[in-house]
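> Dropping a prediction and its sequence here:
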Amino acid sequence: MEMCDDIYANVDTIQPSASKTTADQNPKSSPGYQHSGRKLYRWTAVCLGLLCVLLLTAITLLCIHYNGVVNETMEKHRELSETLSLLTANYTAERDQLETINTILKKQRDQLSIDKDRFQKIISELAVESRVGSYKALLRGIGEFPFPQGAQPCQLQLSGENAIPLAVSPSGHVLLAASRYGRGKVVVAAHEDYIQGAIVIPAFGQFVKNAIEWLKPHSHAAVGVSGMSYLADHLTKSGFKVKSISNYDGTVGVFCREAYSDEQVQEVLDFVRGGGGLLIGGQAWHWASQDPGLDVLQEFPGNKFTRPAGISFTSKYADRGTFKVPQEIPIL
């Protein structure tokens with residue numbers, strides 16, 4: 001009986017322990033657990049609040065920055081608009097100015113064209129007057145030319161607007177001619193005897209004096225004579241300052257020579273082009289008969305001096321006889 005009571009007594013003692021163990025095995029119902037949960041919620045709320053503050057701050061800063069960018073962009077746009085307006089105004093003004101200048105230039109161009117035509121007409125008239133004046137000056141005091149039978153001349157070929165026929169046979173053969181080359185002048189005879197014979201044939205004597213006066217670049221110019229002693233004597237007696245020289249030496253204003261040598265071609269051409277005068281005589285038919293395969297116009301020595309001025313010696317015989325001097329320049 002006593003044993004049974006002890007057992008029940010022990011059972012009653014053990015039961016509270018079992019209840020404690022069960023209570024310990026459920027932590028959510030414990031006061032400590034509930035306190036920790038409340039702390040976690042509070043920290044979460046604080047973090048969310050801080051994030052909201054940071055986000056609001058970031059949004060505020062972005063708004064401020066955006067407003068600044070917008071204001072700066074608008075200011076630049078305003079400046080660009082003002083610049084564009086100014087450039088447009090300047091462009092319009094410059095365009096109007098250029099149009100005005102263009103109109104003025106067109107009027108000036110038209111006027112210059114009119115002036116050019118007028119001057120060309122004047123120059124043409126002066127050229128005609130110059131040719132006529134030269135023709136009359138070279139043939140002053142001469143009524144006819146007696147080309148003697150003893151000397152066989154060649155025909156002279158003329159080209160260009162500067163060449164002037166001075167003595168022409170009835171059949172159109174040119175025996176005396178003149179031309180301008182650069183600032184200088186050239187007189188050509190179709191045989192050297194027409195220059196040398198000046199001392200014995202009055203018409204040729206007068207012609208040579210006229211030619212020297214026409215060829216001289218100035219009144220005091222000396223006359224150089226190469227190899228033609230009769231011509232030198234005639235010019236000396238006529239009152240010209242004469243120098244007998246073998247080649248052009250740069251000290252004379254007029255140079256006289258025969259057409260059978262091509263020494264100093266470039267020097268003489270430069271001399272004439274610069275304003276000097278050249279009197280030259282010869283015939284090419286004999287030279288051509290000695291060298292039949294050569295081109296007379298290109299290779300004959302005298303043509304190297306005269307062809308640039310538009311006068312050429314040819315291999316063709318020219319007429320001889322007494323030919324009248326016409327009042328006007330002959331038309332070939």
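Arrived safely.
> pLDDT averaged over the helix or strand harbouring residue 97 - what is it?
Assessed by DSSP states H and E, residue 97 sits inside helix 31-138. For helix 31-138, mean pLDDT is 83.
> Who are the packing partners of that helix?
strand 164-168, helix 202-215 (3 or more Cβ pairs under 8 Å, 6 or more residues apart in numbering; DSSP states H and E). C-beta coordinates here come from the backbone N, C-alpha and C atoms, glycine included.
> tell me the angle that helix makes with helix 202-215.
150 degrees (axes from the mean of the first three to the mean of the last three Cα atoms, to 10 degrees).
> Residue 240 belongs to a helix?
No: using DSSP: H, G, I helix; E, B strand; the rest coil, the assignment for residue 240 is coil, not a helix.
> Surely residue 263 is in a helix?
No: the assignment for residue 263, made by three-state DSSP, is coil rather than a helix.
> beta partners of residue 324?
Beta-bridge pairing for residue 324 (DSSP bridges): residue 144.
> confidence score at it?
pLDDT at residue 324 comes out at 96.
> Touching, it and residue 144? I think so.
Yes: contact criterion Cβ atoms under 8 Å: residue 324 and residue 144 qualify, at 5.0 Å.
> Helices along the stretch 201-332 of the chain, start to end?
For the stretch 201-332 of the chain, the helices defined by DSSP state H, counting those that start in this stretch occupy 202-215, 229-237, 265-273, 285-290, 296-299, 301-306.
> highest average neighbour count across the ones you listed?
Of all the helices of the stretch 201-332 of the chain, helix 301-306 carries the top mean neighbour count, a mean of 22, counting by mean count of other Cβ atoms under 10 Å.
> before we move on, the earlier item: quick one: which of the helices of the stretch 201-332 of the chain is nearest residue 60?
Comparing these by their distance to residue 60 (Cβ to Cβ), the top pick is helix 265-273, with 93.7 Å.
> How far does the closest one sit from its chain's centre?
Distance of helix 265-273 from its chain centroid, counting by Cα atoms, centre = their mean, to the nearest Å, is 28 Å.
> and the gap between residue 232 and residue 223?
The gap separating residue 232 from residue 223 is 8 Å, by Cβ to Cβ, to the nearest Å.
> Residues that sit against both of the two, list them.
The contact sets of residue 232 and residue 223 overlap at residue 242 (Cβ atoms under 8 Å, 6 or more residues apart in numbering).
> Residues in contact with stretch 256-272: which ones?
181-182, 184-186, 192, 195, 223-228, 231, 247-248, 250, 255, 278-284, 287, 300-306, 308-309, 313.
> List only those of those residues flagged as buried.
181, 184-186, 192, 195, 223-228, 231, 248, 255, 278-284, 287, 300-306, 308-309, 313 (16 or more other Cβ atoms under 10 Å).
> What pLDDT does the model give residue 320?
For residue 320, the model assigns a pLDDT of 95.
> That one: neighbour count?
Residues contacting residue 320 under the criterion other Cβ atoms under 10 Å number 18.
> how close does the closest residue to it other than its chain neighbours sit to residue 331?
Take residue 320 and drop its neighbours on the chain: the residue closest to it by Cβ to Cβ, 6 or more residues apart in numbering is residue 147, 4.6 Å away. Relative to residue 331, residue 147 is positioned 20 Å away (Cβ to Cβ).
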